[in-house]
Structures are given as C-alpha cells and as structure tokens.
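# below is the sequence, then the predicted model.
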Amino acid sequence: AQKVTQAQTEISVVEKEDVTLDCVYETRDTTYYLFWYKQPPSGELVFLIRRNSFDEQNEISGRYSWNFQKSTSSFNFTITASQVVDSAVYFCALGRGGSQGNLIFGKGTKLSVKP
Amino acid sequence: GAGVSQSPSNKVTEKGKDVELRCDPISGHTALYWYRQSLGQGLEFLIYFQGNSAPDKSGLPSDRFSAERTGGSVSTLTIQRTQQEDSAVYLCASSFEGVYGYTFGSGTRLTVV
C-alpha cells in the first residue's frame, strides 16, 4: 500500500525562525516520485519540488531546502528564516513510477508564521 | 490558456440536485486529474484522463460521480443526487504525459445544503 504521513497538523513559528515540515512515505515501488506543494489561503496549490527515488541529493532553493532519506523513507522540507508569506498549508505527495499519474497526498501541515 | 481554469468557483446546491463542474486544462496538456479536498483533509484522487486511454476511475467514491473529457481537452465532473458529504473543494490539474508536478486550478467549492 502507498501512504504519506505528515504527522504535524499545525505548526506556529515567529518570523525569522527556521521550521522543518516532516513527511514519511510508504511504498513498495522501487521507482517513485516525491513532491511538495504549497496551498496559500487563496487556495491554489503551488508546485514546489519533485524528486525521484534514485536521486537522494538534498536540494536547496533560496530559503527552502529538502532532505530526502530513503533509509528512513522521509522527505522533509525546511524553511530557513521564515516569513509571514510562508504561511500556508504544505502537502507532501507520492507518485508511482511508470505511467500511473495520480499522486497520494498527505493530510498537510498548516504553517502559521507570525510577525 | 495560461493556467488550469475551473468553473464555477463556488457552487451552492440543494441536496438531491445534480451538479456539473468544469475544468479547462492548460493547452497541450494530455493528462487531466480530478481531486477532492474536504475541510481539513488532504487531497483525495478521483479520476485521471491520459490522452485517448481509458480513464482511471478508481478514485470515484460512488456511482453518483462521473466525468468525461471531450476532445482531449475540457473535462466535466458530474455529481448526481448530491449529498451533504459531497461538500468539498473539487480540484482539477493537468500535465504533459508522464511529467509529474502538474498544475492545479483554483478549484470549485461545492456546498450541498
């Protein structure tokens, strides 16, 4: 069975703090993809990153970084020096390799960044 | 178009009525997906269209739900005899074949009263 668990339902931080959003996944596939999406209060889901199962290199994009560890089946997302505009619900998702296109989403983590 | 367009953005309907939700994907995208997001929940996969292949309907919650995609472009999700538990935001997304990280529309918020 495929499953994505985001154990943190809500996180609240003060601006400029670093924050890590956890994501743990389950799959029996050897080829798979992992994603993070951001859903701001406006509601539209914004794609942040896609990683495939063969690439465990960590990635940094500005204040965002992602730590993919197959040994622990985790794909955690860190925001450095958080800003109020980072307030949103963040979803981690798992996609199968091959031709099957639908993603399995976690329930999301609501991040509130206070000034 | 520039993005995935969904209409209407909001829909209030009476229990038992049928509703149609529309999705206009990004031009040239061959794959189209419907998801449902209930309050405080993650996204629940409903149905997936890929080119001319038979759609993957494995996520449809009941036979009251159906979807079609005409001409490989616009898709309509139909919910018959709506129930209160159908209240949710219905999200559409599209992508090129085999390319993940698809683009979502803004969704249709459906409220069944």
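Happy to help now that I have it. What you see is a predicted model; the values in this text were computed from it and never measured.
# when you work out contacts or count neighbours from here on, use the C-alpha atoms and nothing else.
Fine.
# burial of B:Gly59, as a residue count?
Using other CA atoms under 10 Å in any protein chain shown, B:Gly59 has 16 neighbouring residues.
# that one in helix, strand or coil?
Classification of B:Gly59 using DSSP: H, G, I helix; E, B strand; the rest coil returns coil.
# OK, contacts around it?
B:Gly59 sits next to B:44-47 when contact means CA atoms under 8 Å, 6 or more residues apart in numbering or on different chains.
# try 10 Å
A:102, B:34-36, B:44-48, B:65 (CA atoms under 10 Å, 6 or more residues apart in numbering or on different chains).
# before we move on, what about A:Gly108?
Contacts of A:Gly108 (CA under 10 Å, 6+ apart): A:4-10, A:21-23, A:36-39, A:88-93, B:40-43.
# about what we covered before: now the contacts of B:Gly59 in JSON lines, with secondary structure, pLDDT and neighbour count?
Below are the contacts of B:Gly59 laid out as JSON lines (DSSP: H, G, I helix; E, B strand; the rest coil; pLDDT from 0 to 100; neighbours: other CA atoms under 10 Å in any protein chain shown):
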{"residue": "A:Asn102", "secondary structure": "coil", "pLDDT": "80", "neighbour count": "24"}
{"residue": "B:Trp34", "secondary structure": "strand", "pLDDT": "96", "neighbour count": "27"}
{"residue": "B:Tyr35", "secondary structure": "strand", "pLDDT": "95", "neighbour count": "23"}
{"residue": "B:Arg36", "secondary structure": "strand", "pLDDT": "96", "neighbour count": "24"}
{"residue": "B:Glu44", "secondary structure": "strand", "pLDDT": "92", "neighbour count": "22"}
{"residue": "B:Phe45", "secondary structure": "strand", "pLDDT": "91", "neighbour count": "21"}
{"residue": "B:Leu46", "secondary structure": "strand", "pLDDT": "95", "neighbour count": "23"}
{"residue": "B:Ile47", "secondary structure": "strand", "pLDDT": "94", "neighbour count": "23"}
{"residue": "B:Tyr48", "secondary structure": "strand", "pLDDT": "90", "neighbour count": "25"}
{"residue": "B:Phe65", "secondary structure": "strand", "pLDDT": "97", "neighbour count": "20"}
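# check the residues you listed and tell me the two furthest apart.
Pairwise distances across the contacts of B:Gly59 (CA to CA) peak at 17.6 Å, for the pair A:Asn102 and B:Phe65.
# tell me which parts of chain A are close to chain B?
A:9, A:33-37, A:42-51, A:89-93, A:95-110 (CA under 10 Å from any CA of the partner chain).
# over to B:Gln84: give its phi and psi.
Backbone torsions for B:Gln84, taken as degrees, to the nearest 10, come to phi -60, psi -30.
# as JSON lines, the contacts of B:Gly59 with distance to B:Asp86 would be great.
As requested, the contacts of B:Gly59 are exported to JSON lines (distance: CA to CA, whole Å):
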{"residue": "A:Asn102", "distance to B:Asp86": "21"}
{"residue": "B:Trp34", "distance to B:Asp86": "14"}
{"residue": "B:Tyr35", "distance to B:Asp86": "12"}
{"residue": "B:Arg36", "distance to B:Asp86": "9"}
{"residue": "B:Glu44", "distance to B:Asp86": "12"}
{"residue": "B:Phe45", "distance to B:Asp86": "14"}
{"residue": "B:Leu46", "distance to B:Asp86": "12"}
{"residue": "B:Ile47", "distance to B:Asp86": "15"}
{"residue": "B:Tyr48", "distance to B:Asp86": "19"}
{"residue": "B:Phe65", "distance to B:Asp86": "10"}
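# strands of chain B, start to end?
B:5-7, B:10-13, B:19-24, B:31-37, B:43-50, B:65-69, B:75-79, B:88-95, B:103-104, B:108-112 (DSSP state E).
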